[in-house]
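>>> Take this sequence and fold it.
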Amino acid sequence: MDLIGLGARELSAQIARRDVSPVEVMRAVLERIGAVNGTVNAIVSLRDRERLMGEARLAETALRGEGPRGWLHGIPVAVKDLTDAKGLPTSSGAPFLAGEVAQSDAGIVARMKAAGAIVIGKTNVPMFGLGGHSTNRVFGVTRNPADTSRTAGGSSGGAGAALATGMAWVADGSDMMGSLRNPAAWCDVYGFRPTVGLIPRDDAAAAFSPRISTAGPMARNVEDLAAFLGTLSGGAFAGIGEMPRQPRIGWLGDWGGAYPMEPGIMDLAEAALARMADLGWAVEPVAPPVSRELLWDSWTELRAFIMAQELSPHWRDPARRAQLNPQAIHECERGFALTGEGFARAVALREEWLAALDALFARFDALVLPSTQLWPFPVEWDWPREIAGQAMDTYHRWMEVVVPASLAGLPVIGMPAGWGENGLPGGIQMIGRRGGDAGLLALARAYGEAIGPRALQL
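Below you'll find the model as predicted:
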């Protein structure tokens, strides 16, 4: 039986029926990791094999007694290396944190374990999750399964590559600036950024600032994605909702030409829209509701403010500051230089965008944009310096297309759009109204059924 190629829910059902044992599942995933992880470097801090097999045997024993603890009973998971899992290091890709072992589980990890999951290790990230390229000086670079000379994206790049290659059935990620959507596009899987607040956070940070980041699930199909979202949210997400009789889709494209796109990116997205039209959905092009500059100015100020606060302990330590990468230094310098007047202006610009969204969602059930502005780039790059001849003036300008949803804290799903003529995968992002996670996932499920299952790579 091909356990690796099963969906998470089907695997769960087979374990519950005792058609397959947690020991067989653990053995299968460890063999798969041994076969492919050396090529892509997605899983890091992998736990000792004998300990993992012992936990799988305990899960099997429990299954014969009281039955499954939850739908993830006996299913191995790897946790994003920005998130604490008891007994494992949380390096966040920073050399000065390497080897620091977490003494307790983060909330989402505790909820995974309560549902029966067995944590096997971590998934790779860029330092502190900054930038859409999962490389760091602790574990090295995560490579794209479709072309190992290219990036798998980030910051949930390890998660995306693990899913695409069958080293995971579901994976957690997090998304401030596209970190669930960028790797989903480049690894041909799904990533869901829920409405901010649906998944509880462990800290009380940024209570005085708009929340612009959230944890979220990744998977190879929408049903698994939704089931894992229910777990991560602690049951706050009850399941996929109903779909409108004729969904109305607003196509924002390249924001009226404001966002440069590499050749082929828009073609792939428009082909995905054609599939939606074939489903009977009403797809309508939409002019940019606000300027690109309004969104970028608000976003970069709020992001830098939040990141500078989070990174300040490292910034203020000279030894650690010397080891920060250019991305972290950029955020700290900009965030600490922000004035009260600048912060107030950023918040006011965000309010203009929220008002424009109210008008858009009076007309449409969802909005669609490409997930990325370019194809996966070479692993040797730190970030792209230009797109289609247009220079990128910051380390993250090349990810600008993800800002509209992030700035508003809206639910948005990154979905596969297919493969380009260059043999590389791409994606689209579909944005829903605030709190409309269940309805958005209903649309995504219908789309996913239309494009078919995602094949394992490598």
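
>>> The residue sitting nearest the centre point of the chain: helix or strand, and which one exactly?
Centroid-nearest residue in the chain, with C-alpha atoms, centre = their mean: Leu180, separated by 1.5 Å. With elements taken from DSSP states H and E, nothing contains Leu180; it lies in neither a helix nor a strand.

>>> The spatially closest residue to it that is not a sequence neighbour: how many residues sit nearby?
Excluding the flanking residues, the one nearest Leu180 by C-beta to C-beta, 6 or more residues apart in numbering is Gly191, at 3.6 Å. For the C-beta atoms, the positions are set from N, CA and C on the backbone; glycine is no exception. With neighbours defined by other C-beta atoms under 10 Å, the count for Gly191 comes to 33.

>>> hang on, the earlier thing: thought the residue nearest to the centre of the chain was touching Tyr190?
No: with contact defined as C-beta atoms under 8 Å, Leu180 does not reach Tyr190; the gap is 9.1 Å.

>>> list the residues that contact both of these two?
With contacts defined as C-beta atoms under 8 Å, 6 or more residues apart in numbering, the residues shared by Leu180 and Tyr190 are 218, 414.

>>> how about the closest residue to Leu273 other than its chain neighbours, what does it touch?
For Leu273, ignoring the flanking residues on the chain, the nearest one in space by C-beta to C-beta, 6+ apart is Val283 at 5.2 Å. Neighbouring residues of Val283 by C-beta under 8 Å, 6+ apart: 249, 251, 273, 276-277, 368.

>>> what does Val36 give?
145, 165-167, 458.

>>> I'd like to know which of those are buried.
Buried subset of those (neighbour count, 16 or more other C-beta atoms under 10 Å): 145, 165-167, 458.

>>> Redo these as JSON lines? Include distance to Ala359.
Output for the buried ones among the contacts of Val36, formatted as JSON lines (distance: C-beta to C-beta, whole Å):
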{"residue": "Pro145", "distance to Ala359": "41"}
{"residue": "Thr165", "distance to Ala359": "43"}
{"residue": "Gly166", "distance to Ala359": "44"}
{"residue": "Met167", "distance to Ala359": "44"}
{"residue": "Leu458", "distance to Ala359": "45"}
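
>>> Out of those, name the ones that lie in helices.
Assigned to helices by DSSP state H, none of these qualify.

>>> Out of those residues, which comes closest to Thr61?
Nearest to Thr61 among the buried ones among the contacts of Val36 is Met167, at 25.3 Å by C-beta to C-beta.

>>> Tell me how far that closest one lies from Trp419.
Separation of Met167 from Trp419 (C-beta to C-beta, to the nearest Å): 21 Å.

>>> who's in contact with Pro384?
Applying C-beta under 8 Å, 6+ apart, the residues contacting Pro384 are 374, 377, 392, 398.

>>> give me the element it is part of.
Using DSSP H and E, Pro384 falls outside every helix and strand.

>>> Now it: closest residue in space, sequence neighbours ignored.
Trp398 is the one closest to Pro384 (C-beta to C-beta, 6+ apart), at 4.5 Å.

>>> Need the pLDDT of Ala206.
Note for Ala206: predicted pLDDT of 44.

>>> ok, now Pro210?
77.

>>> just to revisit the earlier point, can I get the contacts of Val36 in JSON lines with pLDDT and distance to Arg334?
As requested, the contacts of Val36 are exported to JSON lines (pLDDT from 0 to 100; distance: C-beta to C-beta, whole Å):
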{"residue": "Pro145", "pLDDT": "98", "distance to Arg334": "34"}
{"residue": "Thr165", "pLDDT": "98", "distance to Arg334": "36"}
{"residue": "Gly166", "pLDDT": "98", "distance to Arg334": "40"}
{"residue": "Met167", "pLDDT": "98", "distance to Arg334": "36"}
{"residue": "Leu458", "pLDDT": "95", "distance to Arg334": "39"}
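
>>> Going by distance to Asn221, which of those residues wins?
Gly166 (13.5 Å).

>>> So the closest one sits against Leu456, correct?
Yes: contact criterion C-beta under 8 Å: Gly166 and Leu456 qualify, at 4.6 Å.

>>> Now do the shared contacts for those two.
4-5.

>>> Check what pLDDT the residue nearest to the centre of the chain gets.
pLDDT at Leu180 comes out at 98.

>>> list the contacts for it?
Contacts of Leu180 (C-beta under 8 Å, 6+ apart): 156, 173-174, 191-193, 216, 218, 414.

>>> Buried only: go through the contacts of Val283 for me.
249, 251, 273, 276, 368.

>>> which stretches of the stretch 301-450 of the chain aren't confidently modelled?
Scanning the stretch 301-450 of the chain for pLDDT under 70 picks out nothing.

>>> all strands of it, in order?
Secondary structure of the stretch 301-450 of the chain by DSSP state E, counting those that start in this stretch: the strands cover 366-370, 386-387, 390-391, 412-419, 425-431.

>>> Same check on the stretch 101-250 of the chain?
Using DSSP E, counting those that start in this stretch, strands in the stretch 101-250 of the chain cover 118-123, 135-136, 140-141, 143-144, 147-151, 170-175, 190-193, 214-219, 248-251.

>>> Switch the ones you listed over to JSON lines; also include mean pLDDT and distance to Leu360.
Below are the strands of the stretch 101-250 of the chain laid out as JSON lines (pLDDT from 0 to 100; distance: least, C-beta to C-beta, whole Å):
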{"stretch": "strand 118-123", "mean pLDDT": "98", "distance to Leu360": "34"}
{"stretch": "strand 135-136", "mean pLDDT": "98", "distance to Leu360": "36"}
{"stretch": "strand 140-141", "mean pLDDT": "98", "distance to Leu360": "38"}
{"stretch": "strand 143-144", "mean pLDDT": "98", "distance to Leu360": "33"}
{"stretch": "strand 147-151", "mean pLDDT": "98", "distance to Leu360": "32"}
{"stretch": "strand 170-175", "mean pLDDT": "98", "distance to Leu360": "21"}
{"stretch": "strand 190-193", "mean pLDDT": "98", "distance to Leu360": "18"}
{"stretch": "strand 214-219", "mean pLDDT": "98", "distance to Leu360": "21"}
{"stretch": "strand 248-251", "mean pLDDT": "98", "distance to Leu360": "6"}
